[in-house]
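[1] give me coordinates for this.
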Amino acid sequence: MFKKDKYVLGEKLGRTTLDLMELLIMASYADKAEKNIFLNRANAKLELLKTLVRLAEEIKAINTKKYLLLQEKLQETGRMLGGWMRSLK
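    Numbering: from 1, shown residues only. Predicted coordinates:
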């Protein structure tokens, strides 16, 4: 993989992380009806982030140790997000 491609992937990871944070903050201030919309979007961003991190490890943009740490954090975030979504039903 070219250095430029790794840079682009890193930029995409950064943007996706910021988008996810923005959606979670917006959900925390939204009313119940809007909260579901923001949380569903956040869930989709989280899945994209998991995929991008997996891709980064596959192309050796991050090492396996870093990958495992990130996946653990993303799984924990997913459990928390899922719990929040279930609490609204």
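[2] where does this protein dip in pLDDT?
    Where the chain drops to pLDDT under 70, the residues are 1.
[3] in it, which spans are helices?
    3-29, 32-58, 64-87 (DSSP state H).
[4] go through these and pick out the most buried.
    Comparing the helices of the chain by mean neighbour count (mean count of other Cβ atoms under 10 Å), helix 32-58 ranks first with a mean of 16. Heads up, the C-betas are built off the backbone N, CA and C, glycines and all.
[5] leaving out sequence neighbours, find the closest residue to Leu20.
    In space, and not counting its chain neighbours, Leu20 is closest to Lys45: 4.2 Å by Cβ to Cβ, 6 or more residues apart in numbering.
[6] is it true that the one you found touches Leu23?
    Yes - between Lys45 and Leu23 there is a contact under Cβ atoms under 8 Å: 6.2 Å.
[7] could you pull up the residues touching the residue nearest to Leu20?
    Under the criterion of Cβ atoms under 8 Å, 6 or more residues apart in numbering, the neighbours of Lys45 are Thr16, Asp19, Leu20, Leu23.
[8] and it, how far from Val53?
    13 Å (Cβ to Cβ, to the nearest Å).
[9] go on, Thr17?
    As judged by Cβ to Cβ, Thr17 and Val53 stand 10 Å apart.
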